Each structure stands twice: as structure tokens, then as C-alpha cells.
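Novice: Here is a sequence with its predicted model. Questions after.
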Amino acid sequence: MPAVSKGDGMRGLAVFISDIRNCKSKEAEIKRINKELANIRSKFKGDKALDGYSKKKYVCKLLFIFLLGHDIDFGHMEAVNLLSSNKYTEKQIGYLFISVLVNSNSELIRLINNAIKNDLASRNPTFMCLALHCIANVGSREMGEAFAADIPRILVAGDSMDSVKQSAALCLLRLYKASPDLVPMGEWTARVVHLLNDQHMGVVTAAVSLITCLCKKNPDDFKTCISLAVSRLSRIVSSASTDLQDYTYYFVPAPWLSVKLLRLLQCYPPPEDAAVKGRLVECLETVLNKAQEPPKSKKVQHSNAKNAILFETISLIIHYDSEPNLLVRACNQLGQFLQHRETNLRYLALESMCTLASSEFSHEAVKTHIDTVINALKTERDVSVRQRAADLLYAMCDRSNAKQIVSEMLRYLETADYAIREEIVLKVAILAEKYAVDYSWYVDTILNLIRIAGDYVSEEVWYRVLQIVTNRDDVQGYAAKTVFEALQAPACHENMVKVGGYILGEFGNLIAGDPRSSPPVQFSLLHSKFHLCSVATRALLLSTYIKFINLFPETKATIQGVLRAGSQLRNADVELQQRAVEYLTLSSVASTDVLATVLEEMPPFPERESSILAKLKRKKGPGAGSALEDGRRDPSSHDINGGVEPTASTVSTPSPSADLLGLRAAPPPAAPPAPTGAGSLLVDVFSDGPAAQPSLGPTPEEAFLSELEPPAPESPMALLADPAPAADPGPEDIGPPIPEADELLNKFVCRNNGVLFENQLLQIGVKSEFRQNLGRMYLFYGNKTSVQFQNFSPTVVHPGDLQTQLAVQTKRVASQVDGGAQVQQVLNIECLRDFLTPPLLSVRFRYGGAPQSLTLKLPVTINKFFQPTEMAAQDFFQRWKQLSLPQQEAQKIFKANHPMDAEVTKAKLLGFGSALLDNVDPNPENFVGAGIIQTKALQVGCLLRLEPNAQAQMYRLTLRTSKEPVSRHLCELLAQQF
């Protein structure tokens with residue numbers, strides 16, 4: 001690159017910068033800047049033509065002013081003119097200004113593209129590099145369309161300079177990441193692979209970055225790179241530091257290129273060619289051998305470069321998972337790092353060993369370091385390292401060391417950081433269930449969990465222990481005795497009261513023979529906790545009391561006195577009041593036989609997979625790896641997994657990921673309430689199995705969600721549900737949606753209630769509510785005439801594959817609608833997967849003998865299953881960067897169709913479903929939101945940013961999600977609201 005001559009010093013720029021630095025106040029700085037802007041504007045508009053040096057100087061001043069945070073609205077044309085200069089410094093400043101200040105929608109983009117084309121065709125390597133750098137820095141789709149076909153030709157041309165090839169490879173990589181569809185795959189793809197053999201190491205490094213990105217989408221096109229990458233890696237690894245002097249970093253030859261080559265090889269399975277595979281294994285062994293050698297320098301840079309290659313090598317060994325010798329050696333090498341004085345190395349070693357623990361070849365080797373990992377859990381000062389230690393203990397656990405690991409994690413839990421307590425509780429619960437050698441140990445472990453960290457024991461955990469106790473006759477007496485003793489503690493966590501209430505209500509009779517745990521003692525112990533508990537727990541205890549009347553008739557008078565107390569019969573909470581009244585009446589009116597039938601012992605729960613693992617995966621986030629799933633299978637292990645061995649009566653086990661809400665985990669109802677008119681309180685609203693189970697007085701949200709669960713076919717509720725029509729019409733049986741269907745649908749994107757359709761005959765109103773992946777919608781059909789509608793039949797139709805993405809359960813309505821009357825239809829909705837098209841609502845009826853039909857789009861869009869998520873600015877930007885792949889972002893710039901009012905915009909965004917985050921965007925005029933799309937199959941995180949420009953009456957909307965179709969669809973939906 002040419003050196004800058006003394007004449008290019010731009011003294012005027014230096015003086016201006018000095019003046020700005022010497023300003024004593026913000027006002028003085030603004031005054032000086034305004035003066036300079038006026039001077040530059042007059043120079044640009046003056047009659048006298050400016051020479052290249054003056055243009056460069058003034059453009060530099062504008063660039064400096066812009067970097068100070070001030071808007072620049074002129075000087076763009078002068079910067080473009082600098083591109084045609086033959087002087088390097090002038091052309092460089094022109095490209096710099098354009099890269100920073102010119103956006104992809106600028107009217108000057110065509111002139112800029114012409115200048116870039118001229119420089120690319122000039123064959124001047126310096127000018128070509130400047131042009132390629134500009135394309136990469138701007139990276140817009142327009143530039144991609146203009147140059148995506150030219151850059152590959154420059155990259156593989158035989159006469160291109162090394163610096164040009166390097167710039168071309170990185171420029172093509174930038175365009176591919178921004179717009180993959182614009183980069184054509186052609187004959188150049190085979191030639192670009194051979195750049196791995198290039199003599200210039202800079203070209204090889206850039207080419208590896210490009211090939212790694214390209215092969216992830218088109219692996220077959222770049223398979224030939226494996227042997228070339230192995231060959232190049234072998235030459236680097238076996239070379240001395242003096243052989244690659246220009247690319248040796250603190251005695252480590254080409255560390256960045258080595259790491260990139262190792263990452264490229266992780267995109268493919270082990271080489272099939274025996275010679276290539278043998279050479280690669282030799283390379284990996286050499287790296288592991290070098291790690292054992294004494295360091296050639298005490299500088300931290302040397303150890304960092306050396307360890308970077310080592311850890312990437314271990315990642316490749318883990319990826320292949322086919323070389324037992326290498327896996328064990330890698331494990332031993334990581335074990336040495338576990339006690340290293342450098343915190344980062346200990347963290348990385350623990351993280352890598354978590355993955356190694358899931359390999360059948362290295363699992364035993366990992367277990368040898370159990371004492372070191374336990375010590376790290378106790379003594380590490382960094383919470384993130386302690387968390388990785390807990391992850392590794394979880395991953396290395398099997399039947400032989402389960403008791404030791406669980407006891408150590410329980411001991412650590414007493415002093416653990418609050419940030420990781422819930423995660424450790426979930427892990428202990430999973431390990432205790434998976435590797436329990438006897439059920440009494442499992443019960444003790446869960447009760448210890450509740451005692452030590454009751455606030456962090458989620459419902460899934462204690463639901464699970466109740467399910468297992470209910471299903472195992474041999475542990476019920478022990479569980480009743482243990483929980484009775486636990487309840488005698490002066491300070492008892494509410495979750496312990498819940499567990500105790502259920503177990504004593506079901507199995508208290510098993511310990512009633514001991515005078516120390518006689519029925520009156522059990523009742524008084526539970527009732528002593530009553531006034532300290534929440535409403536949900538009191539409701540459970542009331543159910544336990546009515547169970548006691550059935551189990552222990554001698555307690556009937558005492559319990560009826562409690563139920564008859566004014567504090568219960570006139571309780572402000574309607575749930576407690578209703579239970580007290582109904583239980584009191586049930587105990588007074590029902591005969592002994594009826595009471596025994598209604599309050600009989602809970603039947604065994606159907607075997608199902610625990611929802612605790614699904615909760616742990618959600619806790620770890622979407623990146624949770626194999627350490628959680630733990631693909632190893634211990635042949636000797638016998639998972640409790642519901643506490644029953646599979647029998648003919650057990651149902652199939654759903655996958656954990658299918659139970660994202662935990663609604664299908666077994667609930668812990670203590671006793672059924674008195675039957676109501678509909679009998680619905682006797683139905684298990686949480687379970688998907690046939691066993692009927694009572695309600696516990698859930699929270700309003702739980703009640704809402706549970707009501708939406710479709711009844712099991714064998715349950716009594718199934719007999720009460722309205723039967724669905726025999727066969728709904730398919731999309732081919734109904735007419736197309738009315739022309740204004742899309743417009744009517746858009747009205748409901750940001751709201752849930754309103755009139756969906758109205759004409760002279762019929763009015764259709766909508767009222768809906770959505771929580772998590774479930775929803776309930778009420779449709780109101782109003783007959784606006786005085787004539788009765790005959791054969792009235794509204795049905796919901798799923799076009800295309802929507803049936804697998806959205807489940808809609810409808811209830812029949814009356815086939816006649818009198819004149820002036822209104823009928824209501826209830827729809828229960830469950831989002832199974834992300835979907836793009838709404839269901840159709842087909843309404844058919846006869847009016848005055850003439851058939852009438854109408855097809856609308858039902859206002860159910862993917863954003864209805866948005867759960868708002870609050871997060872701090874740091875978390876937002878971290879997640880924003882994680883969602884940086886081009887296919888994860890959707891952006892739209894559009895004109896405002898409505899007056900731009902900040903409050904209205906805010907209301908629409910809230911109605912859309914996301915949480916609005918304050919003090920995140922540096923510009924207070926912008927809106928930033930976050931949320932999670934809840935479906936049954938998965939959760940899709942979503943971040944949005946809306947930038948209004950009141951002056952131009954335009955918006956820029958950017959959405960980033962973990963799924964490309966969701967990003968684009970949400971962007972289209974939301975953009976139509978403004």
C-alpha cells in the first residue's frame with residue numbers, strides 16, 4: 001500500500017480537530033462545528049472548482065464531524081467524485097466516507113457502483129482492494145446483485161495479486177452472509193478449494209473462512225477440501241516455528257489458520273480415505289504431544305495461541321467420536337487443565353469434558369477426575385466455573401457414582417449462588433430419578449431438595465415425586481413416615497406442606513397405627529401450617545381434610561368444625577369458599593359408601609417421561625447440547641420414569657420436548673373436591689392419560705391453560721364434551737376467502753376483540769385470549785334479520801399443512817338461529833409448530849330458502865402465541881448478536897400509512913405481543929421489544945427494533961428470530977400495522 005506523502009498531512013483537518021479538543025463546553029463544540037459546516041458548504045457551493053486535495057480535506061472534516069455524533073446531510077457527491085481520482089489517498093477517503101455514511105437506499109448508489117466497477121476493471125491491485133473493501137463494508141443487497149458474479153472471477157483468476165485474492169475472498173464471504181441467494185455456485189467453487197494450496201498464507205486463511213461458510217449450506221460441493229485441509233494442516237503442525245517466520249506468532253506457527261482448518265474439518269465426518277484419515281490422526285496426535293512439551297516462551301500470548309489450537313483439536317476429536325485412544329488422551333489433557341491457575345483454561349476444560357462425558361469411549365476416563373471436579377464445585381471463586389463443574393458432574397453421573405454426586409450437589413446447594421440454584425435443583429431431581437437404586441433414597445433426596453432450596457423447587461419436581469409414590473406400593477408407607485417427620489420441623493417450606501398434604505391424604509392410614517402419628521396428630525400437624533400457606537396450598541389442604549374424613553372417621557367432627565368456621569365459609573377467595581362449602585356438604589349428606597367411592601385412593605398414573613428434563617433444557621436455553629440429553633445408555637440402569645414398569649395398561653411416552661409447558665406432568669392433587677354439576681373437578685386437567693385426577697385449586701393462569709387441554713377419550717369429561725362434526729369440509733369443499741379477508745385479518749393482529757365481519761344479514765364478533773401455546777376464542781354469530789337462519793353451520797378449515805401446525809377444537813352451535821338472536825361458538829386452540837397461514841372459517845346457512853356461504857380468515861396469527869420477555873440492555877444486545885445470521889433477520893423499510901404517534905405505536909407493539917424494553921436503544925425515539933413464540937414443539941425467541949423517522953414519514957422495522965420463516969412472517973404482519 002503506498003505511503004502517505006508529507007503533502008497529504010491536511011493541516012486544516014489537524015487544526016480543526018485541535019480546536020474541537022480544546023473546546024471547554026458542549027456549546028462551544030457545537031458552535032465550532034456549525035462554523036466549519038458553513039465554511040465547507042460554502043466551499044462546495046462556490047463557483048471556484050475545488051482541487052482533489054481540498055475535496056479530500058473537507059470530506060475528511062465531514063467524516064470526523066459525523067463520528068462525533070452529528071448528522072451530515074451534504075458532501076456525498078464530493079465523496080463520490082473522489083472515487084474517480086487517480087491518487088490513492090483521495091480515493092481512499094472517498095471510499096471511507098461512502099462506507100460510513102452512504103446507505104443502501106441512496107440515490108448515489110448507481111454512481112458508486114460505476115466507480116467500483118471501473119476500479120475492479122483497472123487491474124491496479126491497490127484500487128481493486130479499495131473497491132472490494134467498500135463492497136464488503138457496505139454489504140448491501142444492491143451491491144451484492146451488482147458484483148456477486150464478478151468477485152468469484154477475480155478470486156480464482158490466475159493473474160490476480162495475492163492481496164486482491166485475499167480481499168476478494170473476504171468480500172465474497174461478507175456478501176454470502178448478507179445474501180446467500182445472490183452468490184451463484186458454479187465452476188469457481190471447485191477452483192476456490194484449490195486456494196488451500198496457495199503459497200501465500202494470507203490467501204489460504206481468507207479462503208478457509210470462505211469455504212467453511214459455503215460448505216455449511218453446500219457440503220457436497222466442497223468435499224474435496226477435506227484432503228487439502230488435512231494436507232495443509234499437516235504441513236503447519238509438523239513445521240518448525242522458523243519455517244513460517246512471517247506467520248509465526250510467539251513461536252506458534254500460523255495459529256489462526258490452524259484453528260480455521262480444524263473448524264473446517266468439523267463440518268464433515270471423518271475422512272473415508274484411509275491415507276487421509278491416518279495423516280489427520282497423526283496431526284492430532286502431534287498437537288496433543290506438543291501440548292505436553294515445555295513452553296518456548298513465558299509470554300501469555302504463546303500459551304493462548306498454543307491452547308487455542310489444542311482446544312480446537314479436542315473439539316475435532318470429540319466431533320469424530322471414533323478414535324478411543326485420542327478421546328482418552330484428550331480427556332487426560334483436559335484433566336491437567338482442571339487445576340491450572342488460569343481461570344479461563346479451567347472453564348474451557350470443564351466445558352469440553354462435559355461433551356467428552358457423553359462418549360462411550362471416554363466416559364470412564366472422565367469419571368477418574370470426579371474428585372477434582374467436586375473440589376472445583378466447592379472452591380472455585382468464579383460462579384461460571386462452578387456452573388460448568390455442576391454441568392460436568394451431571395454429565396459424568398451413572399449408577400456407580402450417582403449417590404456420591406447427588407450428595408455433593410445437595411451439599412453445595414446450601415451455599416450455591418442464587419443464579420444457579422434452580423438449575424442444580426433440576427439436575428439433582430433428574431439424577432435421583434434416573435439412577436435411583438431404591439425408591440426410599442429417591443424420596444429422601446427430593447425431600448432434602450425441598451428442605452434445602454424449597455423456593456427453587458418447581459412444580460415439575462414435586463409433581464414427579466408424588467407420581468412415583470402413588471405408583472409404587474412399596475414406598476408409600478416410607479414416604480408417609482418421612483414426610484410426617486419433615487413436617488414437624490419448626491420452619492417448613494410451603495412445597496413440603498404441599499407434598500405432605502397429598503401423601504398423608506392418600507397414604508396417612510399406613511402410619512396411623514403408631515400413636516405418634518395417629519390421625520388426630522396428622523391432622524393437627526397439617527392444620528398448624530394452614531394459616532401460613534398461600535391460597536393454592538390451602539385449597540390442597542382442604543382436599544386433604546376431606547380425604548381424612550374418609551380414611552379416619554374419628555376425625556370427622558373436628559374437620560367439619562374447621563370447614564364450618566366462618567373464616568372458611570365466608571372466605572374472600574372464591575376457590576377456598578367453594579371448597580369449604582362443597583366439602584362440608586359432601587361430608588354431611590353423602591353416605592359412607594358414596595364418600596368412599598368419591599374419595600377413593602388415587603389410581604396409578606400412566607407411565608410417562610418426566611417433564612423435568614424439558615424444563616432443564618428450557619433453563620439452559622436453545623443451545624443446550626448433548627450433556628443435557630445424555631445420549632449414553634447405562635445397560636444396568638433402570639430408570640424410575642414414572643415409578644411403574646411398562647405394562648399393557650401403560651400409555652406411550654411423549655417426548656420431553658412435547659411437554660414445554662409441563663402441563664402433562666403428573667399433578668399432585670391431594671384429594672378430589674366435591675363433584676359439581678358438570679363434574680369437571682374430578683378430571684385431571686393436567687394429564688394426557690386416562691386416569692381421572694382431582695383439581696388442586698390452580699392459579700388463574702393454570703386454570704386457563706388446563707381448561708384448554710382436550711379431554712382424554714377415556715375420561716368422564718369426554719362424555720360431557722360436545723361431539724365434533726363427523727367430517728369437516730376440506731379446503732377444496734369451500735369457496736375462496738372473500739376479497740377483504742386479508743384486510744379484516746390485519747385488524748386483529750394487534751388486538752383480540754372486535755367485529756370480524758358484518759353485512760346486512762350476519763354479524764360475526766370475536767373475543768379471544770391466548771397464553772403460552774394455547775388459546776381460547778369465542779365467536780358470536782348475530783342474525784341481523786327477522787327471519788330464522790336454517791342449517792347454520794360454521795366450520796374451521798386447515799389449508800395445506802396447517803393441520804400439523806395448529807390444532808383447533810370446535811364446539812357445535814345450534815343449526816337454527818332465530819331472527820335478532822345471537823349464538824356463541826367456543827374454539828380451543830393449540831399451537832403445535834410455527835405457522836404462516838391462518839385457518840379459514842367457513843359459514844354456511846339458508847336464509848329465506850336461499851343458500852348462503854361465506855369464507856373468512858380466522859384471526860389466529862403466530863404472534864398471538866407471543867410471550868413478552870423482559871431483559872436488560874446487556875442481555876438484549878448479547879442475544880441480538882447471537883441472532884446475526886442473515887436468514888435470522890428480516891428488515892423492512894416502509895412509508896407510514898397512519899399518523900406517526902408514539903403512544904399509538906407503543907400500544908400496537910404491546911398488542912402485537914412483545915415486551916417493550918426501555919433504555920435499551922441509544923435513540924429514545926426507537927422502540928425495542930423482545931418475546932418468545934410458544935409452540936408445543938419448540939420456542940422461538942424474537943427480538944424487534946422499530947425506528948420511526950417522523951421527518952421522512954417512514955419506518956425501519958428489523959426482526960431477528962431463530963427461525964427464518966418466522967422472522968419474515970412477523971415482519972410482514974407488524975409492518976402492515978403502521
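Specialist: Looks like it arrived, so ask away.
Novice: From what I see, Leu559 and Ser543 are in contact.
Specialist: That one is not Leu; residue 559 is Ile. No. Using CB atoms under 8 Å, Ile559 is not in contact with Ser543; the gap is 11.6 Å. In this view, the C-beta of every residue, glycine as well, is placed from N, C-alpha and C.
Novice: who's more crowded, the two?
Specialist: Higher neighbour count among Ile559 and Ser543: Ser543, with 26 against 22, using other CB atoms under 10 Å.
Novice: For Ala674, give me the pLDDT.
Specialist: Residue-level confidence at Ala674 comes out at 36, pLDDT.
Novice: Pull out the buried residues from the helix or strand Leu957 falls within.
Specialist: Using DSSP states H and E, Leu957 sits in strand 954-961. By 16 or more other CB atoms under 10 Å, the buried positions in strand 954-961 come out as Tyr955, Leu957, Thr958, Leu959, Arg960, Thr961.
Novice: Provide a list of residues in contact with the closest residue to Cys129 other than its chain neighbours.
Specialist: Excluding the flanking residues, the one nearest Cys129 by CB to CB, 6 or more residues apart in numbering is Ser167, at 4.7 Å. Residues counted as contacts of Ser167 (CB atoms under 8 Å, 6 or more residues apart in numbering) are Met128, Cys129, Leu132, His133, Ala136, Ala206.
Novice: Low-confidence stretches in the stretch 451-600 of the chain?
Specialist: For the stretch 451-600 of the chain, no stretch has pLDDT under 70.
Novice: Check what pLDDT the closest residue to Val755 other than its chain neighbours gets.
Specialist: Nearest residue to Val755 in three dimensions, chain neighbours excluded: Gly765, at 5.3 Å (CB to CB, 6+ apart). For Gly765, the model assigns a pLDDT of 91.
Novice: Next: Ala726.
Specialist: 37.
Novice: on that earlier part again, what pairs with the strand holding Leu957, parallel or antiparallel?
Specialist: Here strand 954-961 has these sheet partners by DSSP bridges: strand 889-895 (antiparallel), strand 939-949 (antiparallel).
Novice: Could you look up the next helix or strand downstream of the helix or strand harbouring Asn114?
Specialist: According to DSSP H and E, Asn114 maps onto helix 109-121. Past helix 109-121, heading to the C-terminal end, the next element that is a helix or strand (DSSP H and E) is helix 125-138.
Novice: in that next one, what counts as buried?
Specialist: Using 16+ other CB under 10 Å as the test for burial, helix 125-138 gives 125-136, 138.
Novice: Now do stretch 252-259, average pLDDT.
Specialist: For stretch 252-259, mean pLDDT rounds to 91.
Novice: What lies in contact with that stretch?
Specialist: If you take CB under 8 Å, 6+ apart as the criterion, stretch 252-259 is touched by 201, 204-205, 208, 232-233, 236-237, 239-241, 243-244, 247-249, 302, 305-306, 308-309, 312.
Novice: Just the closest of the buried residues of helix 125-138 to Glu460, please.
Specialist: For these, the closest approach to Glu460 (CB to CB) belongs to Ala136, at 48.8 Å.
Novice: relative to helix 125-138, how tilted is the strand or helix carrying the residue nearest to Cys129?
Specialist: Secondary structure from DSSP H and E places Ser167 in helix 162-178. Going by axes from the mean of the first three to the mean of the last three CA atoms, to 10 degrees, helix 162-178 is angled at 20 degrees with respect to helix 125-138.
Novice: packing partners for the very next helix or strand once past helix 162-178?
Specialist: Per DSSP H and E, helix 162-178 leads on to helix 188-193 as the next helix or strand towards the C-terminus. Judged by 3 or more CB pairs under 8 Å, 6 or more residues apart in numbering; DSSP states H and E, the packing partners of helix 188-193 are helix 150-156, helix 201-217.
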